[in-house]
Each structure stands twice: as C-alpha cells, then as structure tokens.
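A.B. asks: sequence and predicted structure below; questions after.
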Amino acid sequence: MDIQLSGISKQFGQFKALDNVGLNIQSGELLALLGPSGSGKTTLLRIIAGLEHADIGSVYFDGVDMANTPLRERQIGFVFQHYALFKHMTLRENVSFGLRVKTRAFRRSSATIRARADELLKLVQLGGLEDRYPHQLSGGQRQRVALARALAIDPKVLLLDEPFGALDAKVRKELRQWLRDLHQQTGVTTVFVTHDQEEALELADRVVIMQKGKIAQLGSVDQVYEQPASPLVFNFLGDSNIIAAQLQNGAVYVGDAEIGAYSPSANIAVLDEGAVDVYVRPSDLRIADAEQVGIEVVVNSIQRTGPIVRAEVSFAHSTFAQSHSTLRVELPHLHHDVPRFQIGATLRLRLMQFSVFAPQTITAVREQLRAPILIGRERERLAG
Ligand SMILES: Nc1ncnc2c1ncn2[C@@H]1O[C@H](COP(=O)(O)OP(=O)(O)OP(=O)(O)O)[C@@H](O)[C@H]1O
C-alpha cells in the first residue's frame, strides 16, 4: 500500500511541530524518518497512524483519504521503543492477541489463530519458545515478539518508533539486519523513526531527514549521503570537518591548493564565487600522491581504536586562514597511509569527496548538531 501525505501541518499551542509536510511513501518501501530530537518525526508517524490529527493536510492510503477512517480500520502494525508485551500472557498469547479480540464475524478459528501465531514466532526466529513469558526473554527477543504481534493482523503498513532504541548497540545491530530480512520476506510498507543515522542508512530504501517540522531532504540512502542538501544533513549523517575555502572560476581552493572542481548538486542553489565552507568527512581524507593536489598538514596526534586509526592534524602553513584549527582523519587500521601518520610528520592530504555550502557562522553550525565537532575555519568566524 502506498501512503501519500499532503500539506501536513500540526501545531501544539504556539509550537509548530510540523509545517506543510508532503511525502509519498511507495508501496513495499522501507522508509526511515531521521532527524534531531523534536524535529517532528514521531508526530508525523502518529498522524499516519491516525493517533493524532493534522491541523491542515491529508493522509491518503492507496489514494483514499483517511480523514474519516478510524485507527482500528487502518490496519496498521505498531512497534514502539518500549515493548509493551502483556506480562501475564505467553508469547503465543501475546502474538495472537490482535486476532483473538476481533469481533466474532471476523475472528478465525482458535486452531487457525494458534497456527498463525506459531508461524509468526518462527518468522521472528523464536520458534519453540511459544509457551514462554516475556520476562523469560532478552530485550532483543521481546522486541521481536512485539514485531510478530504487529504483523499478526496482516498490516498494510508497519510503523516503528525507535523500535531498537532501548537495546544495547550489539543487539541493535543484529536486529537491524534481521528487520531488513524480515521486510524482504513480508514486503509490508514500513516507516520507522530513528535517531541513529547508521541505523537509517543501513536499513532504509529511502531516508527523510526532518528539521524543525519540515523535510530537510528526502532521497535514497546514497543520495542523501553523497549529495547532502544542507550543512544540517551533512552533519547529521556523520562526522564533519569544515574548512574555510574559496570558490573561483568553478574550482574550490583551500589556501593556494585547488582541491577540486565545484559541482553543485541538483538540490542546492548554485553558490556565488568567493568564500565558501567545504565539508569533508574524516574518512574521506587520504594522503595525496606526488602528482595530486593536497592540503599540507602536520600530524598532532594519533589514536588507535580497534579497526580505526584516528589522527588529528593542523594546517602546515600559518598563512592559511585555517592555521589555528584542526582536522580529523580516519583510516582503516590496515590502510597503507597509516604508517605515514607519525606525530610531527608533514603530509599532504587530498579530499576524496566533499560538499560545498555557503559559509555559516559557528553558532549556526552548532545549533544544528547534537555533538560538538572539530572545525577548520578562521578565528573571526569561530567567534561569530
Ligand atoms: N502532545 C504534545 N503536546 C505538546 N507538544 C508536543 C506534543 N507532542 C509533541 N510535541 C512537541 O512537538 C515537537 C515534535 O515532537 P516529536 O515527538 O514529533 O519529535 P521527534 O522528532 O520525534 O523527537 P524525538 O526524537 O525526541 O522523539 C517537540 O518539540 C515536542 O515537544
């Protein structure tokens, strides 16, 4: 089933939680809603579900306006962060609950319901545990029961609100892969909310990045990662270094070094020549070969954490506007560049991939971020 959201706005008192959101969710798609806390993700999910009403705008399922369709008729499966399983019921009873409470006319026989519950428990890899109670399971197992229960009603849409939010990192990773496989088997249109960009990028077909009640960007995982439409999107999807640069004759310069051509992405207004900010991920910096253009830096520190080597470097030439600041570099520990990252060494770094945006004040950059970042840019703007 496809879902169309058209001009959705929602206000809580004076606060605009959603501001004219339009979105088409394709049938069978796995779509992630990602964004900073308070950006409106859960509100949007609740409006799709019919748990909340939009002040303005409409929700269509397969082209049908849902305005007058109550929640119970929308055939939606939900899973929330805190699995609300019934403690006094076995797993089989939990999963079959939605089928058992249907009105007599729609209820299937006890044997059919039992078989369906057992089949779903097998699907979520809990076959054999049908008679256990929730307290006898791990957190990850309980969350899988919650998913089986949501699937029991043969939902047309599955809405997941931070379904793995309360679980530890390792279990989350396992469940991600598992959810991806499950989605491939069931093909149910699925929308899930997450704070975790890695989770969104790994799981979703497409990602919606929300900012202050609006859609900051919508695209495939590759599109949003490789062609972020704004500094917020870039920062939100991973670590950033920000370097003050110049745009001249279609090329981008850091100091005297031409680091590459300026190729504006389709979704961003073309920038004027002059000062710009270059955004580059620590993992997109490598040592330049002799014939390649590079930015000269000095290695300040090196840290080895498992499979990743992290270095902090500063610009080598004090004439550079960026000379007071540092960049972070990340390399896989077996990478051939690693031995050359010695403290005090002077190296030339190339930017394998970068984005260019209009310069922002540091306050504006910080406001968008959840975590502090290291920034390469001139002092005056640092004060701004
Ligand atoms: N029932 C409500 N009454 C008043 N304000 C609300 C209500 N529900 C949500 N809000 C506000 O609307 C904004 C958006 O909330 P929402 O839960 O949609 O954000 P979110 O992006 O899901 O955030 P988080 O990631 O922290 O869950 C927040 O500022 C929140 O405080």
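C.D. replies: Structure's in. What do you need? Residues are numbered from 1 along each chain as shown.
A.B. asks: output the contacting helices and strands for the longest helix anywhere in the chain.
C.D. replies: Using DSSP state H, we find that the single longest helix of the chain is helix 169-186. Here helix 169-186 touches helix 139-152, helix 197-203, going by 3 or more C-beta pairs under 8 Å, 6 or more residues apart in numbering; DSSP states H and E. Heads up, the C-betas are built off the backbone N, CA and C, glycines and all.
A.B. asks: apply 6 Å and report the result again.
C.D. replies: helix 197-203 (3 or more C-beta pairs under 6 Å, 6 or more residues apart in numbering; DSSP states H and E).
A.B. asks: what lines up beside the helix or strand just after the helix it packs on in the sheet?
C.D. replies: Following helix 197-203 in sequence order, the next helix or strand is strand 206-211 (DSSP states H and E). Next to strand 206-211 in the sheet, as set by DSSP bridges, lie strand 30-34 (parallel), strand 214-220 (antiparallel).
A.B. asks: give the burial count for the closest residue to H88 other than its chain neighbours, as a bare number.
C.D. replies: Spatial nearest neighbour of H88, excluding adjacent residues (C-beta to C-beta, 6 or more residues apart in numbering): Y133 at 7.6 Å. Other residues near Y133 come to 16 when the count uses other C-beta atoms under 10 Å.
A.B. asks: could you do D239 as well?
C.D. replies: Residues near D239, counting by other C-beta under 10 Å, number 16.
A.B. asks: separation between it and R348?
C.D. replies: 21 Å (C-beta to C-beta, to the nearest Å).
A.B. asks: now swap in L34 and tell me
C.D. replies: Distance from L34 to R348, by C-beta to C-beta: 35 Å.
A.B. asks: swap in F86?
C.D. replies: Taking C-beta to C-beta, one finds F86 at 63 Å from R348.
A.B. asks: so the two - more neighbours on which side?
C.D. replies: R348 (16 against 12).
A.B. asks: for the more buried one, what are its contacts?
C.D. replies: Applying C-beta atoms under 6 Å, 6 or more residues apart in numbering to R348 gives the contacts A288, G294, E296.
A.B. asks: nearest residue to Q185 other than its sequence neighbours?
C.D. replies: In space, Q185 is closest to L123, 7.2 Å off (C-beta to C-beta, 6+ apart).
A.B. asks: quick one, grab the pLDDT at the residue most central in space within the chain.
C.D. replies: For the chain, the residue nearest the mean C-alpha position is Q197 (3.2 Å; C-alpha atoms, centre = their mean). pLDDT for Q197: 84.
A.B. asks: so what's the residue in the stretch 51-200 of the chain positioned nearest to the ligand up against?
C.D. replies: For the stretch 51-200 of the chain and the ligand, the shortest gap (C-beta to the nearest ligand atom) falls at H195, measuring 5.6 Å. H195 makes contact with no residue, according to C-beta under 6 Å, 6+ apart.
A.B. asks: mind listing the helices for the stretch 1-150 of the chain?
C.D. replies: For the stretch 1-150 of the chain, helices defined by DSSP state H, counting those that start in this stretch occupy the ranges 41-49, 91-100, 110-123, 139-152.
A.B. asks: helices or strands up against the first one?
C.D. replies: Where contact means 3+ C-beta pairs under 6 Å, 6+ apart, helix 41-49 is packed against strand 157-161, strand 189-194.
A.B. asks: let's go with 7 Å and repeat that
C.D. replies: In terms of contacts (3 or more C-beta pairs under 7 Å, 6 or more residues apart in numbering; DSSP states H and E), helix 41-49 is packed against strand 3-12, strand 15-25, strand 30-34, strand 157-161, strand 189-194.
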